[in-house]
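Peer 1: kindly return the folded structure for what I paste below:
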Amino acid sequence: MRMTMALLLGVLGACGFGWSAESDVALNGTFVWSNKKGQEHNIKSVFTPAGDKKWTVEFTFNWGKGPQTWKGTAEGDLKTGEVKGEGLHPDGMRKFTFSGAFTKEGALDCTHTEVTGGKSQATGTMTLKKG
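Peer 2: Okay, here's the model as predicted:
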């Protein structure tokens, strides 16, 4: 029985029904920019472990003339908890912060904010989920 349970858990883990702190976590979803309310934009993210509940993160999405990849950091529990972090524009001149929490359905619901000259301005929402 133990062998069967261990095998089942191994298969479920390999099929993507869970993740460990040692592996990347891909979360995909949409974001809404506050200046373009009602328009959802697709976004992909990859969270890479960088310590206990610490992550480096890459966000990839289409904006303006094409695809962009923003890099940053995050802290929090990527299964059920709260998550916060920041991302930098590829040119390094703009910084965005995000914060949110996982819903019962497993989606990470966040707000995002642009930080310019030490001042924060709300810029919209983002929802990410595994898959």
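Peer 1: residue 89 - nearest residue in space that isn't next to it in sequence?
Peer 2: residue 70 (6.2 Å; CB to CB, 6 or more residues apart in numbering). From N, CA and C alone the C-beta is placed, and that goes for glycine too.
Peer 1: wait, doesn't the one you found sit right on residue 87?
Peer 2: Yes. Assessed by CB atoms under 8 Å, residue 70 is found in contact with residue 87 at 4.1 Å.
Peer 1: now do the shared contacts for those two.
Peer 2: 59, 96 (CB atoms under 8 Å, 6 or more residues apart in numbering).
Peer 1: follow-up on the earlier one: list the pairing partners of the helix or strand hosting the residue nearest to residue 89 within its sheet, with orientation.
Peer 2: Using DSSP states H and E, residue 70 sits in strand 66-76. Here strand 66-76 is paired, per DSSP bridges, with strand 54-63 (antiparallel), strand 82-88 (antiparallel).
Peer 1: nearest to residue 76, out of these?
Peer 2: strand 82-88 (3.5 Å; CB to CB).
Peer 1: who touches that closest one?
Peer 2: 55, 57, 59, 70-77, 94-102, 108, 110, 115.
Peer 1: again, 7 Å this time
Peer 2: 57, 59, 70-76, 95-101, 108 (CB atoms under 7 Å, 6 or more residues apart in numbering).
Peer 1: pull out the buried residues from that strand.
Peer 2: For strand 82-88, a neighbour-count test (16 or more other CB atoms under 10 Å) marks 83, 85, 86, 87 as buried.
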